[in-house]
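In: What follows is a predicted structure for the sequence shown.
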Amino acid sequence: MSQTKPSAKLAPFPSRAEAPAPEKLALTHRPRRNRKSDWARRLVRENVLTTDDLIWPIFVIGGEKRTEAVTSMPGVVRYSVDEAVRAAEKAAGLHIPAIAIFPYTDPDLRDPHGSEALHDQNLVCQACRAIKAAVPDLGLITDVALDPYTSHGHDGLMRGEEILNDETVAVLVKQALNQARAGADVIAPSDMMDGRVAAIRAGLDSDGFQHVQVMAYAAKYASAFYGPFRDAVGTNKTLVGDKRTYQMDPANSDEALREVEHDILEGADMVMVKPGMPYLDIVRRVKETFGQPTFAYQVSGEYAMIMAAAGHGWLDGDRAMMESLIAFKRAGADGVLTYFAVRAAEALRDA
Ligand code: PBG
């Protein structure tokens, strides 16, 4: 990097009516000094992204030795359980601390009650057992919500048009226990029902799972950015209506703090804001207000936007990826769920 020499020819500040003669101009503040070279920039860098900040969400399908591309998420595939084990080994090899598992449930197994969520041989449970056996030191996060299992695509049970809260919570507790028994380390309720964190915590504790953590999707917004994820788990086809009676209104910010506060008081070990990039203001407020382990989910639509633009050659995909990830750290996040996790970990390793 070339050094910028102090120049007598710098233009005076336009606001100054009487600018000093150019040869007299001595700027007190030259922020560019600290940017003059790579070593100087590294020395004053305020935030760092490391592999320890990354959580990798993966999609699981039935069958064996199968991977299936998710069209709206270039580079992302669904893995059969044996392939998910390979993927988990790769993540562990890169020192990614944890993965989050999401199932593509066979449409024939979906029903109005999401019964498959409680089946101890469902895809998530199979994947947990297989991955735990092969890579015991990798953190396993499982999603609690009924949408991949219901024929209507909602996260909860329905009566007519209504998404039932308390009836759903009772089922979510059973779903969480089913996952904990299969070896999940962290239960992550993404359903946005009221009171589910307390109920799940109590359920885990009374069944001997005091050590299992809860990562609450505490401030989860009703977002268009989930579109590609719904392709990946097959709920774009099933979803009837929208999720605005339980997921948050994107216009709200104070409400996010109340949601997070409830989840912390109910016993959440970690809280999450979702989506990520359009909600960095929320990440910052949550971290500053509560000082709790705070995560952000860079969701499928955010990933798809960067990949699509990169695919067209409209931006440099790897640079956009790293810039988007450091933005989460700058906003105060302790970690990020991102489909870029493996790619970013490789970039960090090779840097
Ligand atoms: C559903 C769930 C969703 C995501 C994670 N869990 C979608 C939704 O609420 O419809 C979205 C993740 C993403 O878009 O990457 N419980």
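Out: Arrived safely, thanks for sending. All figures in this text were calculated on a predicted structure; none of them were measured in a lab. Residues are numbered from 1 along each chain as shown.

In: Quickly find the element holding the spatially most central residue of the chain.
Out: By Cα atoms, centre = their mean, the mean C-alpha position of the chain lies nearest to Y297, the distance being 2.2 Å. Assigned by DSSP states H and E, Y297 belongs to strand 294-298.

In: Provide the secondary structure category for the residue nearest to L43 when sequence neighbours are not counted.
Out: Closest residue in space to L43, ignoring its immediate chain neighbours: N34 at 7.7 Å, by Cβ to Cβ, 6 or more residues apart in numbering. C-betas here are computed from N, CA, C, even on glycine. Put simply, N34 is helix when judged by DSSP: H, G, I helix; E, B strand; the rest coil.

In: ok, now how distant is N34 from the ligand?
Out: From N34 across to the ligand, the span is 37 Å (Cβ to the nearest ligand atom, to the nearest Å).

In: Count the residues that sit near that residue.
Out: Counted with other Cβ atoms under 10 Å, the neighbours of N34 add up to 12.

In: Ok, T338 next?
Out: T338 has 25 nearby residues by other Cβ under 10 Å.

In: what residues are up against the closest residue to it other than its chain neighbours?
Out: Leaving aside its sequence neighbours, T338 sits nearest to Q298 (Cβ to Cβ, 6+ apart; 4.3 Å). For Q298, the contact set (Cβ atoms under 8 Å, 6 or more residues apart in numbering) comprises P275, G276, M277, S324, L325, F328, V336, L337, T338, Y339, F340.

In: Nearest to H154, out of those: which one, please.
Out: P275 (19.1 Å; Cβ to Cβ).

In: gap between the closest one and K237?
Out: Distance, P275 to K237, by Cβ to Cβ, to the nearest Å: 22 Å.

In: Looking at the two, which one has more neighbours?
Out: P275 (22 against 9).

In: that older thread, redo the contacts of Q298 as TSV? Include distance to the ligand.
Out: What follows is the contacts of Q298, written out as TSV (distance: Cβ to the nearest ligand atom, whole Å):
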residue	distance to the ligand
P275	7
G276	9
M277	12
S324	14
L325	15
F328	14
V336	12
L337	8
T338	9
Y339	7
F340	12
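
In: Spell out which parts of the chain neighbour the ligand.
Out: D143, A145, D147, D155, S190, D191, Y226, F229, R230, K243, V299, S300 (Cβ under 6 Å from any ligand atom).

In: tell me which residues form a beta bridge with the first one?
Out: Yep, that's D143 we're talking about. A188 (DSSP bridges).

In: CA-only coordinates of the helix or strand bottoming out on mean pLDDT in the chain in CSV, if you can.
Out: When each helix and strand of the chain is scored by mean pLDDT, DSSP states H and E, helix 235-238 comes last, with a mean of 88. Output in CSV follows, covering the C-alpha atoms of helix 235-238 (Å, rounded to 0.1, in the frame of the first residue of the first chain):
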residue,chain,number,x,y,z
THR,A,235,-43.2,-25.3,3.0
ASN,A,236,-43.6,-22.8,0.2
LYS,A,237,-46.0,-25.4,-1.3
THR,A,238,-47.8,-26.1,2.0
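
In: who does whatever helix or strand A133 lives in touch, helix- and strand-wise?
Out: Take DSSP H and E as the rule and A133 turns out to sit in helix 123-134. Here helix 123-134 is seen to pack against strand 54-61, helix 81-93, strand 98-103, strand 139-144, helix 166-181 when contacts are counted using 3 or more Cβ pairs under 8 Å, 6 or more residues apart in numbering; DSSP states H and E.

In: CA atoms only: put the fourth one into CSV for me.
Out: Read that as strand 139-144. Taking Å, rounded to 0.1, in the frame of the first residue of the first chain, the C-alpha atoms of strand 139-144 are listed here in CSV:
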residue,chain,number,x,y,z
GLY,A,139,-22.6,-28.7,18.8
LEU,A,140,-26.0,-29.9,17.5
ILE,A,141,-28.8,-27.3,17.4
THR,A,142,-32.3,-28.5,16.5
ASP,A,143,-35.2,-26.4,15.5
VAL,A,144,-38.4,-26.5,17.5
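
In: Now do the helix or strand just after it: which elements does it pack against?
Out: Helices and strands here follow DSSP H and E; after strand 139-144, the next one along the chain is strand 157-159. Applying 3+ Cβ pairs under 8 Å, 6+ apart, we find strand 157-159 packed against strand 162-164, helix 166-181.

In: Nearest to A88 among those would be which one?
Out: helix 166-181 (15.7 Å).

In: Now that closest one: buried residues?
Out: Neighbour counts over helix 166-181 (16 or more other Cβ atoms under 10 Å) mark T168, V169, V171, L172, V173, Q175, A176, L177, N178, Q179, A180 as buried.

In: same check, this time on stretch 115-135
Out: So, applying 16+ other Cβ under 10 Å, buried residues of stretch 115-135: 116-118, 122-132, 135.

In: Endpoints of that stretch, how far apart?
Out: 29 Å (Cα to Cα, to the nearest Å).

In: what comes into contact with it?
Out: Residues contacting stretch 115-135 (Cβ under 8 Å, 6+ apart): 60-62, 81-82, 84-85, 88-89, 92, 99, 101-105, 109-110, 138, 140, 142-143, 146, 148-149, 171, 174-175, 178-179, 181-184.

In: Can you turn the buried part of those residues into a ChimeraX selection?
Out: Entered in ChimeraX, the line below selects the buried ones among these, by 16+ other Cβ under 10 Å:
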select :60,61,62,81,84,85,88,92,99,101,102,103,104,105,109,110,138,140,142,143,146,148,149,171,175,178,179,182,183,184
